[in-house]
Every structure is written in structure tokens, then in C-alpha cells.
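Chemist: Model the following, please.
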Amino acid sequence: MSDNLDAVRASYAASAAGDVNGIVSLLAPGARWTEMAGFPYGGTYVGPEQVLSEVFAKLGGEWEGYQAEPDEYVDGGDVIVVIGHYSGVYRATGKSMRVRFTHVWHLEDGLATRFEQFTDTALVREALAP
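Modeler: This next block holds a predicted model:
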């Protein structure tokens with residue numbers, strides 16, 4: 001098991017504990033975080049502060065019980081792939097979702113320089129629709 005895998009695992013553990021700062025502490029200052037096109041927060045954000053304000057603050061404010069739960073980790077050294085599922089209830093509609101995801105992390109010296117999300121955005125959007 002690599003140090004990079006340990007760092008990514010710790011990020012998901014922080015997420016499960018509601019520790020958003022524990023998640024973004026894995027990010028390098030210029031890290032590029034890409035949420036898939038079609039996802040409610042789709043786009044690329046640069047740096048921990050922008051990821052915090054444009055992704056995690058919105059997730060925390062708009063969803064009840066939102067979780068990104070890993071099911072499997074693939075250790076590629078400097079590239080870690082996480083396969084899991086999202087779950088939560090969209091507050092505005094009261095609708096729940098459970099959707100598979102794949103996350104690809106690129107790390108250097110124990111910090112993430114790039115993150116990319118892949119998921120079924122249509123299933124997420126079903127929870128958003130009135």
C-alpha cells in the first residue's frame with residue numbers, strides 16, 4: 001500500500017466524518033478539481049479554497065446526508081482510482097439518490113494535483129427535478 005493511497009483513504013474518512021477541511025487538506029495549492037459536465041457543480045476548480053466554496057459548501061448546503069462512499073481503491077502509485085457511490089437527499093425536492101462514481105486522483109509528494117469525477121449525471125439530476 002502506498003503513501004498516496006493512504007492519503008486518499010484519509011480524505012474519504014474525513015468526508016465520512018463531516019470534516020471538509022480534512023478533504024481539502026489533500027489538495028496542492030494549484031490542484032485542478034473537475035466535476036463532470038452535467039453534474040450540478042460541473043466544471044474545473046483550482047485550489048483548495050475554490051473547491052471548498054464551489055463544491056463542498058454547495059453539497060453541504062443543498063443536500064442532506066450527502067456521502068461519497070468508496071467501495072474499491074486501485075493503487076497506481078501516483079494515480080489512485082476510487083470506485084464507489086454517492087448518496088443523499090436533495091433538500092429542495094426531498095428526493096434521494098444513490099449513484100455510482102469513479103474518482104481519479106493524481107498525486108505528487110503526497111498532495112493531489114488533479115482530481116476528476118465520473119458519474120451518471122442523469123441519475124443525480126433526477127433527484128434535483130421537482
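
Chemist: For Asp78, which non-adjacent residue is closest in space?
Modeler: Spatially, and ignoring its direct neighbours in sequence, Asp78 is nearest to Leu107 (5.5 Å; Cβ to Cβ, 6 or more residues apart in numbering). Any C-beta I mention is one placed from the backbone N, CA and C, and that applies to glycine too.

Chemist: Show me where the chain has its helices.
Modeler: Under the criterion DSSP state H, the chain contains helices at 3-16, 20-24, 48-51, 57-62, 121-128.

Chemist: want to throw these into JSON lines with mean neighbour count and distance to Arg100?
Modeler: Shown next, in JSON lines, are the helices of the chain (neighbours: other Cβ atoms under 10 Å; distance: least, Cβ to Cβ, whole Å):
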{"stretch": "helix 3-16", "mean neighbour count": "17", "distance to Arg100": "15"}
{"stretch": "helix 20-24", "mean neighbour count": "17", "distance to Arg100": "20"}
{"stretch": "helix 48-51", "mean neighbour count": "18", "distance to Arg100": "22"}
{"stretch": "helix 57-62", "mean neighbour count": "13", "distance to Arg100": "17"}
{"stretch": "helix 121-128", "mean neighbour count": "15", "distance to Arg100": "9"}
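
Chemist: how about these, which one is nearest Pro40?
Modeler: Taking Cβ to Cβ, helix 121-128 is the member of the helices of the chain nearest to Pro40, at 6.4 Å.

Chemist: ok so, going back, the residue nearest to Asp78: what's it in contact with?
Modeler: Under the criterion of Cβ atoms under 8 Å, 6 or more residues apart in numbering, the contact list for Leu107 reads 4, 7-8, 78-80, 113.
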